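K.L.:
sequence first, predicted model second:
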Amino acid sequence: IMSSFRYNLLRSVKPYTPFVPQLSKSLLRVLIQVSVHFIETKKSSSEVLSLAINKLTNSGHKIPPFFCELFTMVFLMMQIFLRYPKGAVKHHELRKCFMDDLNFTEEYVDDICKVVLNHREILCKNFAETKMDRVKMSKLQWRINISLSLNTVQIDKPTIVLHFKLQNMEFRTLELPLPMFQQVRYNIALLLNELLSLQSRSVLK
């Protein structure tokens with residue numbers, strides 16, 4: 001029987017495994033550092049990514065093509081683990097999932113496990129506090145961007161543009177290609193389905 005932790009890890013992180021070959025030990029350590037920074041502070045993901053890129057650039061490392069995807073993958077691995085109560089996910093299960101399911105080398109797994117296991121309590125505490133304090137979205141608008149070729153009226157590679165208004169009156173804009181937008185829709189549908197399942201349990205009524 002598949003554990004809840006493994007199920008959530010596979011569902012959320014498995015799609016990013018094609019980018020694992022772009023990892024190096026030094027890059028992974030920077031990604032772990034900025035993931036911890038993101039967990040412990042109120043900074044936005046864009047600010048944290050800029051910090052990571054500056055760290056790598058200043059140390060003479062090349063930025064891989066799918067750097068954002070790699071950051072998302074490492075952050076999700078840590079976040080999913082920290083959501084479970086202490087002792088719910090055994091050390092051997094954690095290592096096995098990272099190595100067998102996500103194709104991480106033993107050396108990479110050692111680095112991640114060292115952080116999430118040795119600093120679990122403080123990470124959980126900071127994650128819970130900053131999660132509540134992060135600026136929330138107050139309004140969302142969207143539009144579809146299309147481009148027409150010169151000789152035809154066929155739509156060429158539409159993109160979805162999302163405009164977020166935050167409670168602190170700042171604005172964020174996100175442009176997604178159609179396949180990625182479909183993936184976002186799918187993940188939101190999964191979350192809503194899980195929420196309905198939780199709400200239907202008698203213990204929560």
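P.N.:
Noted; the coordinates are in hand. Numbering: from 1, shown residues only.
K.L.:
restricting to C-alpha, output the longest helix along the chain in CSV.
P.N.:
For the chain, the helix that runs over the most residues, judged by DSSP state H, is helix 178-199. Listed next in CSV are the C-alpha coordinates belonging to helix 178-199 (Å, rounded to 0.1, in the frame of the first residue of the first chain):
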residue,chain,number,x,y,z
LEU,A,178,-1.3,26.9,-22.6
PRO,A,179,0.1,23.4,-21.6
MET,A,180,1.3,24.8,-18.2
PHE,A,181,-2.0,26.6,-17.6
GLN,A,182,-3.7,23.3,-18.2
GLN,A,183,-1.4,21.7,-15.6
VAL,A,184,-2.3,24.5,-13.1
ARG,A,185,-6.0,23.8,-13.7
TYR,A,186,-5.5,20.1,-13.1
ASN,A,187,-3.6,20.7,-9.9
ILE,A,188,-6.3,23.1,-8.6
ALA,A,189,-8.9,20.5,-9.4
LEU,A,190,-7.0,17.9,-7.4
LEU,A,191,-6.7,20.3,-4.4
LEU,A,192,-10.4,21.1,-4.5
ASN,A,193,-11.2,17.4,-4.7
GLU,A,194,-9.0,16.8,-1.6
LEU,A,195,-10.6,19.7,0.2
LEU,A,196,-14.1,18.3,-0.4
SER,A,197,-12.9,14.9,0.8
LEU,A,198,-11.6,16.4,4.0
GLN,A,199,-14.7,18.4,4.6
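K.L.:
double-check Asp111 against Gln33; I have them as touching.
P.N.:
No: the pair Asp111 and Gln33 fails to qualify as a contact (CB atoms under 8 Å) at a distance of 10.5 Å. The C-beta positions use only the backbone N, C-alpha and C, and glycine is treated the same way.
K.L.:
which stretches of the protein have low pLDDT?
P.N.:
Counting by pLDDT under 70, the chain has low-confidence residues at 1, 42-45, 129-135, 148-156, 198-199, 201-205.
K.L.:
in it, which spans are strands?
P.N.:
Remark: strands assigned in the chain by DSSP state E are 137-148, 155-166, 171-177.
K.L.:
tell me how far the last one is from the chain's mean position?
P.N.:
So the one you mean is strand 171-177. When C-alpha coordinates are averaged (CA atoms, centre = their mean, to the nearest Å), strand 171-177 and its chain have centres 16 Å apart.
K.L.:
about what we covered before: need the strands of the chain in TSV with distance to Gln22 and mean neighbour count, can you?
P.N.:
Converted to TSV, these look like this (distance: least, CB to CB, whole Å; neighbours: other CB atoms under 10 Å):
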stretch	distance to Gln22	mean neighbour count
strand 137-148	28	10
strand 155-166	24	13
strand 171-177	20	12
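K.L.:
and for the nearest residue to Glu40 once chain neighbours are set aside, the neighbour number?
P.N.:
Nearest residue to Glu40 in three dimensions, chain neighbours excluded: Asn126, at 4.2 Å (CB to CB, 6 or more residues apart in numbering). The local packing of Asn126 (other CB atoms under 10 Å) involves 16 other residues.
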